[in-house]
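*Asks:* Sequence first, predicted coordinates after that:
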Amino acid sequence: MRYGVTTAVVALAFAAGFMAGRETPASAQGNRVFEIRTYTAENKDGLDKLASRMGGGESQLFAKSGMTNIGHFVAADAPKSETTYIYIVAHANQEKAKASWAKFREDPEWQKLRASAPSPGKINVESIFVHPTSFSALK
């Protein structure tokens, strides 16, 4: 019986030592964050106007404000393909993200673009900040 307890304790100690310092697959890597933003328009016309504005200069203003454009997408499957625009931007960290968004909102070029582009109507905006996992190809 004593041999079994000793073996179990040694195995447990080995496993704990092995796992110490190892990260789980979901561990955050570094400070860089990606922001996934989902915009939902009321209808296809609103989505088209939003995509046009993004491609017509808005995404370039993100870069000017310190964000890195990773990708811009329209949902592939109906019914979301009629209303859903998603984009991903990267930031050095969440504090820099706040500063970049403030700079973007204050940019006279953005204000001019927003005022002159056809309005997409009411847009619901969702945003989430994510860190890449240890096995992510994108870091």
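*Replies:* Perfect, thanks for sending it.
*Asks:* In contact with I128, which residues?
*Replies:* E35, I36 (C-beta atoms under 8 Å, 6 or more residues apart in numbering). Every C-beta, even on glycine, is put in place using the N, C-alpha and C of the backbone.
*Asks:* Tell me the confidence at it?
*Replies:* The model reports I128 with a pLDDT of 98.
*Asks:* what do you get for K44?
*Replies:* 98.
*Asks:* any idea how far V125 is from it?
*Replies:* Counting by C-beta to C-beta, to the nearest Å, the gap from K44 to V125 is 18 Å.
*Asks:* Kindly report the same for A90.
*Replies:* Plainly put, A90 is 18 Å away from V125 if you go by C-beta to C-beta.
*Asks:* now do D107
*Replies:* On the measure of C-beta to C-beta, D107 and V125 end up 18 Å apart.
*Asks:* before we move on, what about M67?
*Replies:* Distance from M67 to V125, by C-beta to C-beta: 15 Å.
*Asks:* pretty sure S59 contacts I70?
*Replies:* No. Checked against C-beta atoms under 8 Å, the pair S59 and I70 is beyond contact range at 10.6 Å.
*Asks:* re the thing from before, so between A90 and V125, which is more surrounded?
*Replies:* A90 (17 against 9; other C-beta atoms under 10 Å).
*Asks:* so which helix or strand takes in that one?
*Replies:* strand 84-91 (DSSP states H and E).
*Asks:* Mind giving me the packing neighbours of that strand?
*Replies:* strand 33-41, helix 44-53, strand 68-74 (3 or more C-beta pairs under 8 Å, 6 or more residues apart in numbering; DSSP states H and E).
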